[in-house]
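K.L.:
Quick one, what's the 3D model for this:
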Amino acid sequence: MLRFFRLIRKKLIEESRVRQYVYYAIGEIFLVVIGILIALQINNWNEERQKASEVNAYLFQIQNELISDLAENASMTKRMEEKDNRIEQVLRGLVTAEDYRRDPNMRRLIRYSQTPFSMNRDGFLSLMNIIDEQRFENSGAIEELKYLYEDTFERIMEIQDVYLQSVLDYRTGLNDKYEWAYKLDPLIQEFDDAELNYLLRDPLYKNAVHSYREYSSLLKTYLYDMQVQKAELIRSIGQITSYNPRNELVEAYYVSLPDSIYQPFLGDYQARESRTDAFTLFTDNDSLKIRTINGEISYLVRGSNNGFQLQGTPTQLIIENDSTLRINNSLRTRFVKVTGD
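P.N.:
Predicted coordinates:
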C-alpha cells in the first residue's frame with residue numbers, strides 16, 4: 001500500500017502536475033489522520049473493555065467479601081446478645097453464688113471485651129483506585145459503598161475504641177484496688193469469698209456492668225446497621241454484575257417469614273414500663289407487618305438472632321418467649337402480648 005502511494009507521488013512530480021500533487025498530499029494526510037483516530041478509538045474501546053472487566057472483577061470480590069463479613073458480623077452480634085442477657089441477669093440480681101462458682105466466664109463477664117470488629121476492605125480500596133466515579137454509570141452503588149466502607153466503618157471503629165478502652169480501664173482499676181483480681185487470670189481458678197462478695201454485693205460492680213452494657217449496646221446497634229447495609233449492597237451489586245448468590249443471611253433481611261414462625265406472635269403488644277408505647281403485629285397480603293401506636297406501618301422479615309427485622313433498618317424485635325418481644329436498642333424495651341389475632 002505504501003509503495004502504491006509512493007508511485008503516485010513520483011508520477012505526479014515527474015509530470016509537473018503540482019496542483020494534483022497538493023490535492024493528493026492533502027488526501028493522504030487526511031487518510032493518515034483518520035487512521036490515527038480509528039486506532040485511538042479502538043485503543044480506547046479496548047481500554048474501556050479492560051477497565052469494565054476490572055471493575056466487574058472487583059465488584060465480584062466485594063460481594064464475596066461482604067458475604068464473608070456479614071457472617072462474621074452476625075456471629076459477633078449473636079455473642080453480644082447472649083452476653084447481654086447474662087449482664088441483665090446480674091443487674092436484676094438474679095445471679096447466685098453457685099452461678100459464679102459453676103461458670104468461670106460469669107466471673108470475667110465484663111473483664112474482657114468481645115473479639116474486635118474487623119472488615120475486609122481490599123476489594124473496595126482496589127476498586128476506588130481504578131474507577132472514574134464521574135463516568136461510572138452506577139453512581140448510586142459507589143455512594144453506598146463509600147458510605148459503608150468509609151463512614152460506617154470509621155464510626156464503628158471509633159465506638160469500638162471507646163468500648164475497648166472502657167474494658168481496659170475497668171480491668172486496670174480492678175487490679176489496682178483488689179488483691180484477688182490476679183486470680184481472674186484464665187490459668188488461675190481460685191475463687192475466694194472476697195471476690196464473691198464483690199460480685200454479689202458491691203454496688204460498684206453493678207455500676208461497672210451497667211456502663212459496660214451501654215458501650216456494648218451502642219457498638220451492637222451500629223453493627224446491626226452495618227449488617228443491613230451489607231445485605232443491601234450485596235443485592236445492589238448483584239444487579240450490576242448479574243451475580244446473585246443464594247445466601248441465607250442476606251435473604252434474612254428480605255424474605256418473608258413462614259406462617260409457622262410468625263402466627264403465634266400476631267396481636268397487640270404493650271411496653272412493660274409504659275402504657276403509651278405499644279404496637280400491633282399483623283399480616284397483610286401474606287406479609288408480616290408492624291403498626292406502631294401512631295399508625296406507622298413497617299414490613300418485617302426474618303432477621304437474625306431469633307427475632308424479626310424491620311426491613312432496611314437495624315431494628316429487631318428479639319423473641320424472648322412466646323409472649324414477650326424486646327427491641328434490640330440500648331433501652332432494651334420489652335413488649336408483652338396483650339391480645340391475639
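
K.L.:
Show me where the stretch 151-300 of the chain has its helices.
P.N.:
Along the stretch 151-300 of the chain, the segments classed as helices by DSSP state H, counting those that start in this stretch run 153-177, 193-201, 203-241, 248-251, 259-262.

K.L.:
Show me what the fourth one is packed up against.
P.N.:
Using 3 or more C-beta pairs under 8 Å, 6 or more residues apart in numbering; DSSP states H and E as the contact criterion, the elements in contact with helix 248-251 are helix 18-91, helix 203-241. For glycine as for every other residue, the C-beta is placed from the backbone atoms N, C-alpha and C.

K.L.:
Give the buried residues for that helix.
P.N.:
249-250 (16 or more other C-beta atoms under 10 Å).

K.L.:
Which residues does that helix contact?
P.N.:
Applying C-beta atoms under 8 Å, 6 or more residues apart in numbering, the contact partners of helix 248-251 are 67, 70-71, 74, 231, 234-235, 302, 304.

K.L.:
Burial check on residue 161, number of neighbours?
P.N.:
Residues near residue 161, counting by other C-beta atoms under 10 Å, number 11.

K.L.:
circling back: out of the contacts of helix 248-251, flag the one nearest to residue 92.
P.N.:
For residue 92, the closest of the contacts of helix 248-251 turns out to be residue 304, at 25.4 Å, with distances computed as C-beta to C-beta.

K.L.:
picking that back up, any of the contacts of helix 248-251 buried? List them.
P.N.:
For the contacts of helix 248-251, burial is judged from neighbour counts taken by 16+ other C-beta under 10 Å, and it is met by 67, 70, 74, 231, 234, 302, 304.

K.L.:
Against residue 200, how distant is the fifth one?
P.N.:
Read that as residue 234. 47 Å (C-beta to C-beta, to the nearest Å).

K.L.:
And for the fourth one?
P.N.:
Distance, residue 231 to residue 200, using C-beta to C-beta: 42 Å.

K.L.:
again with residue 314
P.N.:
From residue 314 across to residue 200, the span is 35 Å (C-beta to C-beta).

K.L.:
who's more crowded, these two?
P.N.:
Comparing residue 314 with residue 200 by other C-beta under 10 Å, the one with more neighbours is residue 314, at 19 against 16.

K.L.:
Now do the contacts for the more buried one.
P.N.:
With C-beta under 8 Å, 6+ apart, residue 314 has these contacts: 221-222, 224-225, 227-228, 328.

K.L.:
Can you go through those and name the buried ones?
P.N.:
Of all the contacts of residue 314 considered here, the ones buried according to neighbour count by 16+ other C-beta under 10 Å are 221-222, 224-225, 227-228, 328.

K.L.:
and those as CSV, adding distance to residue 334 and pLDDT?
P.N.:
Converted to CSV, those look like this (distance: C-beta to C-beta, whole Å; pLDDT from 0 to 100):
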residue, distance to residue 334, pLDDT
221, 17, 84
222, 22, 87
224, 18, 85
225, 22, 85
227, 23, 87
228, 23, 85
328, 11, 77
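
K.L.:
Appreciated, that's everything.
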